[in-house]
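Q: Sequence and predicted structure are below.
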Amino acid sequence: MDARNSARPNPSARPQSTRRNLEPGDLLDGRFLVTDVIYRGAISTVFKGEDLEDNRRAVALKVPEKQFEVNAALFSRFQHEEDIGVRLSHPLILRFIPVRGKKSRPYAASEFLRGRTLAEVLSAGPLGESEALKLASLVCDALQHMHERGVIHRDLKPGNIIVCDDCSIRLIDFGIALNLEGRNQTFVGFEAGTPQYMAPERIKGRPGGPPTDIFGLGVILYEMLTGSVPSGDPDPTVITEARLTGDPAAPRTLNPRITPQAEEIILRALVRDPRHRYQTAAALKADLEAPDQIEVTGLCRRLQSSTPWRRGLRRARRVAIWCLVPIVIQGLLFLFLWRHYAKE
Ligand SMILES: Nc1ncnc2c1ncn2[C@@H]1O[C@H](COP(=O)(O)OP(=O)(O)OP(=O)(O)O)[C@@H](O)[C@H]1O
Ligand SMILES: [Mg+2]
């Protein structure tokens, strides 16, 4: 993560005006000095800064673009992300910095992470199996902590995992996380995840639970070991259709060096029906840490591809079932009436 647009901390830093976007050199709420742009997204920018109330410690500041500040849904998404982040306390989850008092604009402050996103790491190619399983096992630790506190991440992807310079990881970005204990989650409109990593139940519009994150991690594992996501078509509609109607290609067909045990773990994490996936991150972690003890059940031979003719066949089967229902009901009714009148 190389900081871009670097600016020297300005001793006469301008107090930031809420009429324009933040930029390096600005002083936010008299406390955070903005020094660099780390990442510019469509909705928000992540800056590097210094916390003047904490020995100029390096911080990250995630700030929505000015035009989105007035959007109530986005505003609540930001508030929500910070509320969730502050509730979680785990060495592998991004640590948020609580800000007391009224903020002059929406933003979230957090520890600054030195490292690279997993997406950047993977741009150099797939990982070795033991490294990939170890990394996924660390993500499981973070997920288990979140899930035990009723928080589902729902946007697991390599861009939201930082591989730190000290070889640990951090899970970031709780923008669309679900708080199972909270009511009224009101950021509709900014809730979509990333189709490639989205579990089938999320595509169907369900809120999701712990197995939803297991699916996301399954896609990441697949990508770490094969170099591509399952059904990696660039068209999101093709991906979502594939997630709903088919299984991924067996990982070993893409990379024969993957062991059958690792393949079995990935496929168990990617089962379409969330009830038949790993139910907890702890269960997945146990397998990741002892792959040689896994029973290979031949899941890879029972995979259904999502080819158009298969989709057509399944649709035809559904239509046939729905046509049969009224015929069966009429038949039963006829039988009932016939027996009734035959007695008389
Ligand atoms: N605390 C941090 N320390 C260092 N870099 C960070 C930090 N938080 C975020 N980043 C960088 O900023 C990027 C975007 O962060 P984040 O995912 O939180 O924002 P986002 O607007 O939700 O992005 P997207 O919509 O692409 O997921 C990360 O991929 C990472 O490179
Ligand atoms: Mg993100």
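A: That came in fine, so what should we check first? Ligands and ions are numbered 1, 2, ... in the order given.
Q: Up against ligand 1, what does the stretch 1-150 of the chain have?
A: Residues of the stretch 1-150 of the chain lying close to ligand 1 by C-beta under 6 Å from any ligand atom are 1, 38-39, 41, 43-44, 46, 60, 62, 94, 110-113, 117. Placement of C-beta: from N, CA and C, glycine included.
Q: Show me just the buried residues among those.
A: Among those, the ones that count as buried by 16 or more other C-beta atoms under 10 Å are 1, 38-39, 44, 46, 60, 62, 94, 110, 112-113, 117.
Q: Serialize those residues to a markdown table and add fields for pLDDT and secondary structure.
A: A markdown table is the format used below for these (pLDDT from 0 to 100; DSSP: H, G, I helix; E, B strand; the rest coil):
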| residue | pLDDT | secondary structure |
| --- | --- | --- |
| Met1 | 56 | coil |
| Ile38 | 96 | strand |
| Tyr39 | 95 | strand |
| Ser44 | 90 | strand |
| Val46 | 97 | strand |
| Ala60 | 98 | strand |
| Lys62 | 94 | strand |
| Leu94 | 97 | coil |
| Ser110 | 96 | strand |
| Phe112 | 98 | coil |
| Leu113 | 98 | coil |
| Thr117 | 97 | strand |
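Q: how about JSON lines for those residues, with distance to ligand 2 added?
A: Shown next, in JSON lines, are those (distance: C-beta to the ion, whole Å):
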{"residue": "Met1", "distance to ligand 2": "12"}
{"residue": "Ile38", "distance to ligand 2": "12"}
{"residue": "Tyr39", "distance to ligand 2": "9"}
{"residue": "Ser44", "distance to ligand 2": "9"}
{"residue": "Val46", "distance to ligand 2": "9"}
{"residue": "Ala60", "distance to ligand 2": "12"}
{"residue": "Lys62", "distance to ligand 2": "9"}
{"residue": "Leu94", "distance to ligand 2": "11"}
{"residue": "Ser110", "distance to ligand 2": "13"}
{"residue": "Phe112", "distance to ligand 2": "16"}
{"residue": "Leu113", "distance to ligand 2": "13"}
{"residue": "Thr117", "distance to ligand 2": "9"}
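Q: Up against ligand 2, what does this structure have?
A: Where the chain comes near ligand 2, counting by C-beta under 5 Å from the ion, the residues are 160, 173.
Q: change it to 6 Å
A: Within the chain, the positions lying close to ligand 2 (C-beta under 6 Å from the ion) are 159-160, 173.
Q: Looking at those residues, which one is closest to ligand 2?
A: If you rank the residues of the chain next to ligand 2 by distance to ligand 2 using C-beta to the ion, Asp173 comes first, at 3.6 Å.
Q: can you put the residues of the chain next to ligand 2 in a markdown table and add neighbour count and secondary structure?
A: Converted to a markdown table, these look like this (neighbours: other C-beta atoms under 10 Å; DSSP: H, G, I helix; E, B strand; the rest coil):
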| residue | neighbour count | secondary structure |
| --- | --- | --- |
| Gly159 | 17 | helix |
| Asn160 | 22 | helix |
| Asp173 | 19 | coil |
